[in-house]
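> predicted model and sequence below, questions to follow.
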Amino acid sequence: MTAKRIMEDGRVRRTIRRLVFEILERNRGADNLVVVGIRERGLALARHLGDVFAEVEGREVPVVALDVAPFRDDRPVGAPSPTAGDVPDLLDRDVILVDDVLYTGRTARAALDAVVRHGRPRTIQLVALVDRGHREYPIQADYVGVRLPTKHRERVVVELSGRLAVHIEE
């Protein structure tokens, strides 16, 4: 398996910082924001975003984890029904929904279903560090770190612990 490095640590960190400033500009600050990270890698990215929000805004922005597995359309027949989980009430909040890679749109669609189970947000805005195309659902990210056209057989790997990086494996 060959791997091609797309983004090194410094570039990933600058991209995360840029995404935070785009979010702050569109939302006129962070007063009403809740950052919701899709488990697992979306949550890791959400925590990085949260760190930059705290640095820039001088205060914490809530960062919470979202398990979308029970809301996926490919879950086994007879699987338990979706539950509310431990996400706070999102009524009238601006939800920043975070995933590391946007590909088919299936995970994002499941995440939308999971988010609305926790109240009716004012807005839901999708952030993806990497948008690789190939949608199966009409889902579009509001904030994208990098658009990276890929082949179906390729796999995008985002490293979000230690040194940050993005690479493609074939």
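Sure thing, it's come through.

> what mean pLDDT does stretch 73-82 get?
Averaging the model's pLDDT scores along stretch 73-82 yields 64.

> quick one: the helices in this structure, in order.
9-27, 41-57, 106-116 (DSSP state H).

> what's the closest non-adjacent residue to residue 126?
Spatially, and ignoring its direct neighbours in sequence, residue 126 is nearest to residue 141 (4.6 Å; CB to CB, 6 or more residues apart in numbering). For glycine as for every other residue, the C-beta is placed from the backbone atoms N, C-alpha and C.

> do a quick rundown of the strands in this protein.
3-7, 33-38, 63-66, 94-102, 123-131, 143-147, 155-159, 165-169 (DSSP state E).

> okay if I get these as a markdown table plus distance to residue 54, mean neighbour count and mean pLDDT?
Output for the strands of the chain, formatted as a markdown table (distance: least, CB to CB, whole Å; neighbours: other CB atoms under 10 Å; pLDDT from 0 to 100):
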| stretch | distance to residue 54 | mean neighbour count | mean pLDDT |
| --- | --- | --- | --- |
| strand 3-7 | 23 | 14 | 93 |
| strand 33-38 | 11 | 24 | 97 |
| strand 63-66 | 10 | 20 | 96 |
| strand 94-102 | 14 | 25 | 98 |
| strand 123-131 | 17 | 22 | 98 |
| strand 143-147 | 18 | 18 | 98 |
| strand 155-159 | 22 | 18 | 96 |
| strand 165-169 | 23 | 17 | 96 |
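
> hey, what's the most centrally placed residue in the chain bridged with?
Note on the chain: the residue nearest the mean C-alpha position is residue 98, at 1.7 Å, using CA atoms, centre = their mean. Note on residue 98: beta-bridge partners by DSSP bridges are residue 37, residue 127.
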